[in-house]
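A.B. asks: here are the coordinates; sequence isn't available:
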Ligand SMILES: O=c1[nH]cnc2c1ncn2[C@@H]1O[C@H](CO)[C@@H](O)[C@H]1O
């Protein structure tokens, strides 16, 4: 039997909560920073970049995140970023990923919506051909930009409607950005067939998770970790099989939780709530999806069978056709069986 990190590295996976810009590797960020030398606070040197990605608190994280968004100036930058993110996901044996993209932030910086959508779509199709990975898009509202961003994000989603678009989200800070105000836009997105996957309960309490469920029709919750403070909410999520998209290291690096050992993941799993394990913004948090599976295995005291079950749970939570879910789950089972020999 191979050791657990090696087992995880080869395990077929899906990733459901990972941000487009947040996945820009130090190499890509350095390349983009070099293209815009002198006009960005983002260091081009990967060493200095690691220090730059040390966050005082969540607000500081968003500030740094937006400084990386500023590096993406044209459709070529968008294509490069998207194709490289797909390469890194495929390297970790990710077969399918729902990538959270924030069109508002890019259109707001001068990239026309049609050009932006054409770039991500072309990169998505090329990634499927080059790496065998299926990408789909979640268009999310940057919460800090409020209702104008909600309106523009919905407009872009419905007017451009890229083939890969499957869901509608809400990211950015939660403090001072109540979820209920976004209900009209989520209602329209859901009426147009987009799945609802807002962030909630990351930096605020269980009430924002309740709001995301009751007001925004959330089918999955981004993070949702404060649900661990509300037994009734845990029961509600478990009974209705509403998955939480958990990114353990993200929560520590943005100071949403004090340490990995204090992370509520064990309590959430213990309550029977479905979870998927994710990396969120891997280079910014100094992690990878494989590292997050290793963290989850440590916190949940899992061996290969348990880790394979985590991967299957993420497949079950994915907005994938049942036949596709069955195919990837069967690949996970075959891999587990083969590793046991
Ligand atoms: O962990 C996270 N929580 C909330 N927002 C995040 C996170 N990672 C990346 N973003 C991104 O920050 C943008 C701000 O414009 C949000 O739209 C969201 O996509």
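C.D. replies: Arrived safely, thanks for sending. A quick note: this is a predicted structure, and the numbers were derived from the prediction, not measured.
A.B. asks: so how many other residues sit close to residue 4?
C.D. replies: When counting by other CB atoms under 10 Å, one arrives at 18 neighbours for residue 4. All C-beta spots, glycine's among them, are computed from the backbone N, C-alpha and C.
A.B. asks: Tell me the backbone dihedrals of it, please.
C.D. replies: phi -60, psi -50 (degrees, to the nearest 10).
A.B. asks: Contacts only, for the residue nearest to it when sequence neighbours are not counted.
C.D. replies: Spatial nearest neighbour of residue 4, excluding adjacent residues (CB to CB, 6 or more residues apart in numbering): residue 297 at 6.1 Å. Residues near residue 297 by CB atoms under 8 Å, 6 or more residues apart in numbering: 4, 8, 303, 306-307, 310.
A.B. asks: Buried among these? Need that as a selection in ChimeraX.
C.D. replies: This is how ChimeraX selects the buried members of the contacts of residue 297, with burial counted by 16 or more other CB atoms under 10 Å:
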select :4,8,307,310
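A.B. asks: Quick one: name the residues of the stretch 101-250 of the chain near the ligand.
C.D. replies: Neighbours of the ligand within the stretch 101-250 of the chain, by CB under 6 Å from any ligand atom: 102, 105, 140, 142, 144, 171-172, 199, 202, 250.
A.B. asks: Just confirm residue 237 contacts residue 228, I think it does.
C.D. replies: No. Residue 237 is beyond contact range of residue 228, at 10.5 Å (criterion: CB atoms under 8 Å).
A.B. asks: Report the set of residues contacting both of these two.
C.D. replies: residue 271.
A.B. asks: check which helix or strand covers the residue nearest to residue 4.
C.D. replies: For residue 297, the enclosing helix or strand under DSSP states H and E is helix 289-300.
A.B. asks: For the ligand, what is the nearest residue in the stretch 151-300 of the chain?
C.D. replies: Nearest to the ligand, among the residues of the stretch 151-300 of the chain, is residue 171, at 2.7 Å (CB to the nearest ligand atom).
A.B. asks: If that residue is in a bridge, with which residues?
C.D. replies: residue 142 (DSSP bridges).
A.B. asks: Can you give me the neighbour number for it?
C.D. replies: By other CB under 10 Å, neighbour count at residue 171 equals 25.
A.B. asks: ditto for residue 110
C.D. replies: Around residue 110 there are 9 residues (other CB under 10 Å).
A.B. asks: Pretty sure it sits against residue 73.
C.D. replies: Yes. Taking CB under 8 Å as the definition, residue 110 is a contact partner of residue 73 at 7.3 Å.
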